[in-house]
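Participant: Pasting the sequence and the predicted model now:
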Amino acid sequence: MSRQESKLRIGLERLLSDQQHTLKGRRFAVVMNRSSVNVDVLLACDLLAEKFPGQLRSILSPQHGLWCEQQANMIETAHGRHDRPDVPVYSLYSKTRRPTEEMLSDIDCLVIDLQDAGTRVYTFIWTMLYCLQECAARQISVVVLDRPNPIGGMISEGPLLDVACRSFVGEAEIPMRHGLTIGELAGFFNRRYGINAELVVVPMEGWRRNQYFDETGRLWVPPSPNMQAVQTAVV
């Protein structure tokens, strides 16, 4: 299946087309990395800055950095700046794993657009959880742009996390293979743990739960250095 033949529209694409009212007149930051792209492999920050001029205030990056270049698990990423759009880049895998008061002080809304790998130990979903908690505490709304679970949404398997062992590679009682999209996880976390953030999930269109990522017609952009192919997520 070619990219042109795919009927999938991810949350990012829907936000930019028929869900623009979600960000109308709002100052926002976006949590993203190099894999946060549309069907034409254009970066979410560039697309959002073009569609909503002057509203994007900063970029927040998860583990492995904005450009997914940090290889070793425990190497933290420094803050930086993105040239186009000209905004600061705050690392959420630095001295802090959570967005700070400084990072959230100039926004009304936090947009999250991350490609998960479908497993509990992949840290992007816990970055999202921390963002929900910190935004709820400051009455900042959260918009999660949904993306496919690369290993499908039909199967969950493996033991639930023992809550006594919670850490950045597992913060909630979900199985090792959770079978949910990042948007579905956002709603689950928000309800299950009483976070009560003002949450909007922009859903996908055209994704079938039995689809693996290589069946969507999309180009796989590695969300971290060792996640070079969908087969890695399967393993």
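Facilitator: Now that the structure is in, tell me what you want to look at.
Participant: Lowest mean pLDDT among the helices and strands, pick that one out for this structure.
Facilitator: In the chain, no helix or strand scores lower on mean pLDDT, DSSP states H and E than strand 80-82, which sits at a mean of 84.
Participant: measure stretch 87-104 end to end?
Facilitator: End-to-end distance for stretch 87-104, by CA to CA, to the nearest Å: 14 Å.
Participant: and it, how far out from the chain's middle?
Facilitator: Computed by CA atoms, centre = their mean, to the nearest Å, the chain-centroid distance of stretch 87-104 equals 15 Å.
Participant: Residue 125 versus the spatially most central residue of the chain, what's the distance?
Facilitator: The residue lying closest to the centre of the chain (CA atoms, centre = their mean) is residue 114, at 2.2 Å. From residue 114 over to residue 125 the distance is 8 Å, taken as CB to CB, to the nearest Å. (Glycine included, C-beta is placed from N, CA and C.)
Participant: Residues that sit against both of these two, list them.
Facilitator: residue 182 (CB atoms under 8 Å, 6 or more residues apart in numbering).
Participant: which residue of this protein sits farthest from its center?
Facilitator: Most distant residue from the mean C-alpha position of the chain: residue 164, 26.0 Å away (CA atoms, centre = their mean).
Participant: Tell me the secondary structure of it, please.
Facilitator: Look at residue 164: counting by DSSP: H, G, I helix; E, B strand; the rest coil, its state is helix.
Participant: Need the pLDDT of it.
Facilitator: Confidence at residue 164, expressed as pLDDT, is 92.
Participant: Residue 222 too?
Facilitator: pLDDT recorded at residue 222 is 94.
Participant: I figured it hits residue 228, correct?
Facilitator: Yes: contact status for residue 222 versus residue 228: in contact at 5.1 Å, counting by CB atoms under 8 Å.
Participant: of those two, who's got more company?
Facilitator: residue 222 (16 against 10; other CB atoms under 10 Å).
Participant: so which strand or helix has the more buried one?
Facilitator: Using DSSP states H and E, residue 222 falls within no helix or strand.
Participant: residues in contact with it?
Facilitator: Contacts for residue 222 (CB under 8 Å, 6+ apart) come out as 34, 35, 68, 228, 229.
Participant: Tell me the bridge partners for the residue nearest to residue 87 when sequence neighbours are not counted.
Facilitator: Leaving aside its sequence neighbours, residue 87 sits nearest to residue 58 (CB to CB, 6 or more residues apart in numbering; 5.1 Å). Note on residue 58: beta-bridge partners residue 29, judged by DSSP bridges.
Participant: Can you list the residue ranges for strands in the protein?
Facilitator: 28-31, 56-61, 80-82, 87-91, 109-112, 141-145, 157-160, 175-177, 199-202 (DSSP state E).
Participant: Run through who's touching the second one.
Facilitator: So that's strand 56-61. Contact with strand 56-61 is made by 27-33, 45, 48-49, 66, 77, 82, 85, 87-93, 99, 103, 106-107, 110, 131, as judged by CB under 8 Å, 6+ apart.
Participant: Could you rerun that using 7 Å?
Facilitator: 27-33, 45, 48-49, 66, 77, 82, 85, 87-92, 99, 103, 106-107 (CB atoms under 7 Å, 6 or more residues apart in numbering).
Participant: Pull out the buried residues from that strand.
Facilitator: Under the neighbour-count criterion of 16 or more other CB atoms under 10 Å, strand 56-61 has 56, 57, 58, 59, 60, 61 buried.
Participant: Columns distance to residue 233 and pLDDT on top of those, output as a markdown table?
Facilitator: Formatted as a markdown table, those follow (distance: CB to CB, whole Å; pLDDT from 0 to 100):
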| residue | distance to residue 233 | pLDDT |
| --- | --- | --- |
| 56 | 29 | 98 |
| 57 | 32 | 97 |
| 58 | 29 | 98 |
| 59 | 24 | 97 |
| 60 | 23 | 98 |
| 61 | 20 | 96 |
